[in-house]
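A.B. asks: Model the structure of this input:
(one chain, ligands or ions: 1)
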Amino acid sequence: MRTGLSVRGVRAGYGRDPVLHGIDLDVAPGELVSVLGASGSGKTTLLRVVAGLHRPSAGTVHLDGDDVTAVAPERRRVGLVPQEGALFAHLTVAGNVGFGLRRGPGRRPAAAARGRVAELLALVGLTAEADRLPHALSGGERRRVALARALAPDPRVVLLDEPFSALDAGLREQVRGEVVAALRAADATGVLITHDRREALAVSDRVAVLHDGRLEQTAPPRELYAAPASARVAGFVGDAVLLPARVEAGTVTTALGAAPCRTADVPAAPLVAVLRPEELELGGADGPGAPARVGSVDFVGDAVLVTVLLDGRVPDRGTLLRVRAGTDRVPHPGDRCRVRSRGAVHVVPAVPGPR
Ligand SMILES: Nc1ncnc2c1ncn2[C@@H]1O[C@H](COP(=O)(O)OP(=O)(O)OP(=O)(O)O)[C@@H](O)[C@H]1O
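C.D. replies: Model prediction:
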């Protein structure tokens with residue numbers, strides 16, 4: 001029965017250096033979960049533990065209910081999509097896709113293998129390229145071949161190791177869309193490793209934020225963005241200013257004034273309010289809100305990002321607020337203004353702060 005991936009209490013490291021400090025992660029059948037973390041946070045190590053390429057010092061890995069912690073990688077039925085695709089240069093597209101069907105647990109009779117290759121090539125839209133060699137493909141096509149190769153033996157989970165990071169920005173979104181659509185069409189269970197918050201928020205059912213070998217929060221993208229559990233997660237998944245805050249009777253008070261609190265379980269003090277650029281509002285100098293002065297104004301196409309300094313503060317990262325404003329009335333550097341939050345405000349514990 002398909003029950004997906006379950007990682008419990010996994011610790012792992014290199015020699016005496018611990019890297020993962022007790023990871024619990026569940027991925028339901030057909031679900032796509034991103035593991036989002038900075039460089040060195042342990043993403044690749046976690047992926048290698050799930051693939052069977054790195055032995056954890058503690059904890060278990062279950063796939064569809066089977067304990068595979070001690071099972072060899074080739075017997076786990078795990079599909080791997082490596083960073084740059086890593087195709088076999090001497091094999092055609094069809095040869096690459098069919099590679100895992102010739103041996104091991106994915107092995108099938110020749111006719112069935114040919115049928116499966118054709119099915120996968122159609123899934124990733126590369127039927128016409130079946131006889132080409134990898135060097136004659138674009139970067140995006142190579143990623144799609146790598147995905148088809150990983151999916152062909154019908155793996156229990158597909159692990160994608162930053163597969164889009166080497167693509168240039170314009171192509172990345174398109175290829176990502178195609179690859180994720182193919183994963184969804186195959187109803188595959190997937191884990192995507194990434195350090196790109198936009199990517200994680202855009203494509204995943206849930207995002208697991210990894211920091212220094214610990215999962216800080218695992219939640220659907222919208223929840224992670226709107227209700228981060230810590231200041232670090234808040235800053236990691238989006239632009240945010242953190243202002244010291246007090247909560248009393250459902251009201252948050254910060255330097256910007258009072259606003260309703262939307263945090264479900266308000267943590268113990270000390271607290272900071274998480275204020276995203278689109279949650280702040282700029283007004284004229286005599287309107288409501290805290291008095292401030294406009295610093296810089298950056299045009300970003302559909303909006304402007306305005307940096308403002310609250311009166312009486314010295315400029316540092318805690319007092320410079322970023323406000324997303326419309327392009328109809330663009331303020332100028334030096335203008336006096338007022339700033340307040342647009343609606344209800346989210347609070348998190350004041351420590352530890354973002355790094
Ligand atoms: N083979 C190894 N031997 C010793 N230390 C290693 C080895 N591989 C990784 N490390 C260390 O383990 C830590 C986590 O590395 P890992 O590659 O899992 O992080 P990551 O989040 O995938 O980083 P990146 O995004 O840079 O790939 C790092 O401090 C790294 O230096």
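A.B. asks: any weak-confidence spans in the stretch 251-355 of the chain?
C.D. replies: Scanning the stretch 251-355 of the chain for pLDDT under 70 picks out 315-319, 352-355.
A.B. asks: what does it put close to the ligand?
C.D. replies: Within the stretch 251-355 of the chain, no position is adjacent to the ligand by CB under 6 Å from any ligand atom. The C-beta positions use only the backbone N, C-alpha and C, and glycine is treated the same way.
A.B. asks: now the strands: where do they sit in the stretch 251-355 of the chain?
C.D. replies: Along the stretch 251-355 of the chain, counting by DSSP state E, counting those that start in this stretch, strands occupy 251-254, 257-260, 271-275, 280-283, 290-299, 304-310, 320-325, 336-341, 346-349.
A.B. asks: For the stretch 151-300 of the chain, which segments count as helices?
C.D. replies: In the stretch 151-300 of the chain, helices defined by DSSP state H, counting those that start in this stretch lie at 169-185, 197-203, 221-226, 231-237, listed in chain order.
A.B. asks: Would you reformat the ones you listed as CSV and include mean neighbour count?
C.D. replies: Below are these laid out as CSV (neighbours: other CB atoms under 10 Å):
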stretch, mean neighbour count
helix 169-185, 16
helix 197-203, 19
helix 221-226, 18
helix 231-237, 22
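A.B. asks: and of those helices, who's closest to Phe299?
C.D. replies: The closest of those to Phe299 is helix 169-185. By CB to CB, the value is 18.8 Å.
A.B. asks: where are the low-confidence patches of the protein?
C.D. replies: By pLDDT under 70, the low-scoring segments of the chain are 85, 315-319, 352-355.
A.B. asks: can you tell me which residue is nearest the centre of it?
C.D. replies: In the chain, the residue lying closest to the centroid (CA atoms, centre = their mean) is Ala200, at 2.5 Å.
A.B. asks: what residues are up against Leu46?
C.D. replies: Applying CB atoms under 8 Å, 6 or more residues apart in numbering, we find Leu46 in contact with 7, 10, 12, 20, 23, 25, 35, 193, 210.
A.B. asks: same thing with Val175?
C.D. replies: Shown in contact with Val175 (CB under 8 Å, 6+ apart): 139-140, 143-144, 164, 167.
A.B. asks: Ala285: how many residues sit nearby?
C.D. replies: By the criterion of other CB atoms under 10 Å, Ala285 has 11 neighbours.
A.B. asks: quick one: it from the ligand, how far?
C.D. replies: 46 Å (CB to the nearest ligand atom, to the nearest Å).
A.B. asks: For that residue, give me phi and psi.
C.D. replies: phi -60, psi -20 (degrees, to the nearest 10).
A.B. asks: Tell me how many other residues surround the closest residue to it other than its chain neighbours.
C.D. replies: Nearest residue to Ala285, sequence neighbours excluded (CB to CB, 6 or more residues apart in numbering): Arg336, at 4.1 Å. Arg336 has 14 neighbouring residues, counting by other CB under 10 Å.
A.B. asks: Arg336 and the ligand: what is the separation?
C.D. replies: Shown here: Arg336 relative to the ligand, a distance of 44 Å by CB to the nearest ligand atom.
A.B. asks: I'd say that residue and Arg293 touch.
C.D. replies: Yes - using CB atoms under 8 Å, Arg336 makes contact with Arg293 at a distance of 5.9 Å.
A.B. asks: Could you tell me which of the contacts of Val175 count as buried?
C.D. replies: Buried members of these, scored by 16 or more other CB atoms under 10 Å, are 140, 143-144, 164, 167.
A.B. asks: Based on its surroundings, how many neighbours for Ala128?
C.D. replies: For Ala128, the count of nearby residues is 9 (other CB under 10 Å).
A.B. asks: From the ligand, how far out is it?
C.D. replies: 34 Å.
A.B. asks: what about Pro220, how many residues close to it?
C.D. replies: If you count neighbours by other CB under 10 Å, Pro220 ends up with 13.
A.B. asks: So what does the residue in the stretch 151-300 of the chain that the ligand sits nearest to have for phi and psi?
C.D. replies: Closest to the ligand within the stretch 151-300 of the chain is His195: 5.2 Å, counting by CB to the nearest ligand atom. Dihedral pair for His195: phi -110, psi 10, per degrees, to the nearest 10.
A.B. asks: Contact partners for it?
C.D. replies: 36-39, 43, 162, 165.
A.B. asks: Go ahead and confirm Arg262 touches Val345.
C.D. replies: Yes - between Arg262 and Val345 there is a contact under CB under 8 Å: 6.6 Å.
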